[in-house]
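[1] everything below, folded, please.
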Amino acid sequence: MSKTSRPGLLHDPDFGRLFAATALGQLGDRIIFLALPLVAIEALDADEFRVGLLAAMTTAGSLLVGLPAGAWVDRVRKRSVMISADLVRALVLSTIPVAWWADLLTIWWLYAVALVHGVLTVFFDVSYVSFLPHLVGRERLMEGNAKLSAIRSVTSISGPTVAGPMAGLVGAPATLLASAAGMAMSGLLALTIRTREQRPEPSGHPRLGREIREGLGFVLGHPALRAVMAGDAIFNLFLVMYQTMLLVFLERKLGLQPFGVGLVLSGMGCGALLGALLAKRVSARIGHGPVIWLASLVTCPLTALMPLARPGWSGYVAACGLAALSLGGVVRVVAQSSLQQALTPDRLLGRVSATARFVSWGGIPLGGLLGGVSGSAFGATATLWVGAVGMTLSALPTFLSPLRTLHSLPADRDPEFAR
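    Next up, the predicted model:
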């Protein structure tokens, strides 16, 4: 059976290895998402502001190295960066349970680990997105992104389901050992991928500033990519405000234990998995551009169900709203990632990926801080309301762009989508 015939990319050995590495790495990442704030909340009794600051430190890497990371990644083979980032992240995370057992763990230790882990994650994500077109070819980007999103969604279900009971049984700090193991195994699996992209041609006089400006200019000068980045920036700012207080709300307002919190987050994973399975079909039926703004407009308002919830059945209804948010988010991200990869020349893949991350993720640390400040000043419930409204408004930039009527992935020379 040829590589291009059904059942598709999963029968390609190297894509299968990337698929398995993604599963293990994302499982570790999902465990971090639950366990790291729980370490602050339970083991260190951190207040709302400190939990928000921890969220900001986790994502501050996008601001610190977001733009230069793309230029550096474009100079080397992406697979090597992915492997190194995975292995070092695993090592850094393992210091938290060691410090806890030695009675040395402090909130500042958590901040430092979150910052280093976040910086390494920037390099990993930029390399990961840039490596996929080399591995599967541009004609199969939609299929590749959809399949990888599907396995990430599965780990979104299984990660909290594993992490919640594990945190209750052995403590949140020890749970991070499972996260470190997942990332280490991800790096070792990526080491077995045989496909090598060509080593980038070295520039006679590489200049970091000029390379950064080239990637930034390509993204900001492209109407479709510019709209996507603006919508993502708004969405991510308010999503992080929402998420920063979500765990506080679930534990302190709804009275959920770690197992219950894990079930709520697993429900979000179920929505994300359904979104990954439907993404290609929905994009084909609705149109590749309209699906990007419709996904947010339809699903984000449902996050308002959470601040309305009280202990009991209304909490389960609110969890369904979070699952819908994840469904729409994955459909949107698959469409956006495929659009970005299709429009970007090979030599700029790393820089465009890093620029997109910098622009759209740059507000995430601010979102964490604003979430903590808002939670301290007005409470978790009010912060969830602000986040729900802001996420809904994130559909405006793409609705007001050429993406409103785009029905299929354009060629990079399509005059309507040219710079």
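[2] count of neighbours near Phe235?
    Burial of Phe235 is recorded as 24 neighbouring residues (other Cβ atoms under 10 Å). From N, CA and C alone the C-beta is placed, and that goes for glycine too.
[3] can you check the pLDDT for it?
    The per-residue pLDDT reported for Phe235 equals 93.
[4] check contacts around it.
    Contact analysis of Phe235 by Cβ atoms under 8 Å, 6 or more residues apart in numbering lists 296, 300, 390-391, 394.
[5] where in the stretch 1-150 of the chain is pLDDT low?
    Where the stretch 1-150 of the chain drops to pLDDT under 70, the residues are 1-7, 138.
[6] hmm, back to that, please flag which of the contacts of Phe235 sit within strands.
    In this view, the contacts of Phe235 have no member that belongs to strands under DSSP state E.
[7] so of the residues you listed, which ones are in helices?
    Secondary structure defined by DSSP state H assigns 296, 390-391 of the contacts of Phe235 to helices.
[8] which residues of the stretch 301-419 of the chain score low on pLDDT?
    Along the stretch 301-419 of the chain, the parts satisfying pLDDT under 70 run over 362, 408-419.
[9] quick one: the helices in it, in order.
    According to DSSP state H, counting those that start in this stretch, the stretch 301-419 of the chain carries its helices in the segments 305-308, 313-343, 349-361, 364-378, 380-393, 396-399.
[10] looking at these, which is buried most?
    Across the helices of the stretch 301-419 of the chain, the average number of neighbours (mean count of other Cβ atoms under 10 Å) peaks for helix 349-361, which reaches a mean of 26.
[11] report all helices and strands that that helix contacts.
    Of the remaining helices and strands, those touching helix 349-361 by 3 or more Cβ pairs under 8 Å, 6 or more residues apart in numbering; DSSP states H and E are helix 61-73, helix 107-136, helix 208-220, helix 223-248, helix 313-343.
[12] circling back: just put the helices of the stretch 301-419 of the chain in JSON lines and tack on distance to Leu115.
    As requested, the helices of the stretch 301-419 of the chain are arranged in JSON lines below (distance: least, Cβ to Cβ, whole Å):
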{"stretch": "helix 305-308", "distance to Leu115": "29"}
{"stretch": "helix 313-343", "distance to Leu115": "25"}
{"stretch": "helix 349-361", "distance to Leu115": "15"}
{"stretch": "helix 364-378", "distance to Leu115": "10"}
{"stretch": "helix 380-393", "distance to Leu115": "23"}
{"stretch": "helix 396-399", "distance to Leu115": "29"}
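[13] any idea which of those helices gets closest to Leu110?
    Closest approach to Leu110 among these (Cβ to Cβ): helix 364-378, 13.1 Å.
[14] so that closest one versus helix 107-136, what angle?
    140 degrees (axes from the mean of the first three to the mean of the last three Cα atoms, to 10 degrees).
[15] and helix 364-378 with helix 380-393, angle?
    For helix 364-378 and helix 380-393, the angle between their directions (the same axes, to 10 degrees) works out to 140 degrees.
[16] who are the packing partners of helix 364-378?
    If contacts are counted by 3+ Cβ pairs under 8 Å, 6+ apart, helix 364-378 sits against helix 48-59, helix 61-73, helix 223-248, helix 380-393.
[17] just put the ones you listed in TSV and tack on distance to Arg285.
    Formatted as TSV, the helices and strands packed on helix 364-378 follow (distance: least, Cβ to Cβ, whole Å):
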stretch	distance to Arg285
helix 48-59	34
helix 61-73	33
helix 223-248	20
helix 380-393	23
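[18] can you say which of those is nearest to Glu197?
    When the helices and strands packed on helix 364-378 are compared for distance to Glu197 using Cβ to Cβ, the nearest one is helix 61-73, at 11.3 Å.
[19] distance from the chain centre to that closest one, please.
    The gap between the average C-alpha position of helix 61-73 and the chain average comes to 16 Å, counting by Cα atoms, centre = their mean, to the nearest Å.
[20] and the contacts of it?
    Helix 61-73 has contacts (Cβ under 8 Å, 6+ apart) with 81, 115, 118-123, 126-127, 130, 208, 211-212, 215-216, 350-355, 357-358, 361-362, 364-365.
[21] 6 Å instead, please
    Under the contact criterion Cβ atoms under 6 Å, 6 or more residues apart in numbering, helix 61-73 has outside partners 81, 118-119, 122-123, 126-127, 208, 211-212, 215, 350-351, 354, 357-358, 361-362.
[22] that one: what's the following helix or strand?
    Per DSSP states H and E, helix 61-73 leads on to helix 78-93 as the next helix or strand towards the C-terminus.
[23] for that following helix, buried residues please.
    The neighbour-count criterion (16 or more other Cβ atoms under 10 Å) identifies 78-79, 81-90, 92-93 as the buried residues of helix 78-93.
[24] same question for stretch 135-145.
    Using 16+ other Cβ under 10 Å as the test for burial, stretch 135-145 gives 135-136, 138, 140-145.
[25] JSON lines for these, including distance to Leu263?
    Shown next, in JSON lines, are these (distance: Cβ to Cβ, whole Å):
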{"residue": "Leu135", "distance to Leu263": "35"}
{"residue": "Val136", "distance to Leu263": "35"}
{"residue": "Arg138", "distance to Leu263": "40"}
{"residue": "Arg140", "distance to Leu263": "35"}
{"residue": "Leu141", "distance to Leu263": "34"}
{"residue": "Met142", "distance to Leu263": "32"}
{"residue": "Glu143", "distance to Leu263": "31"}
{"residue": "Gly144", "distance to Leu263": "31"}
{"residue": "Asn145", "distance to Leu263": "28"}
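[26] ok, which pair from those residues is furthest apart?
    Pairwise distances among those were taken by Cβ to Cβ; the largest, 14.2 Å, belongs to Leu135 and Met142.
[27] one step back: out of the helices and strands packed on helix 349-361, flag the one nearest Met183.
    When the helices and strands packed on helix 349-361 are ranked by proximity to Met183, the top entry is helix 107-136, at 9.2 Å, counting by Cβ to Cβ.
[28] show me what that closest one is packed against.
    In terms of contacts (3 or more Cβ pairs under 6 Å, 6 or more residues apart in numbering; DSSP states H and E), helix 107-136 is packed against helix 48-59, helix 61-73, helix 78-93, helix 349-361.
[29] turn the ones you listed into a markdown table, columns for distance to Gln340.
    Shown next, in a markdown table, are the helices and strands packed on helix 107-136 (distance: least, Cβ to Cβ, whole Å):
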| stretch | distance to Gln340 |
| --- | --- |
| helix 48-59 | 20 |
| helix 61-73 | 12 |
| helix 78-93 | 15 |
| helix 349-361 | 6 |
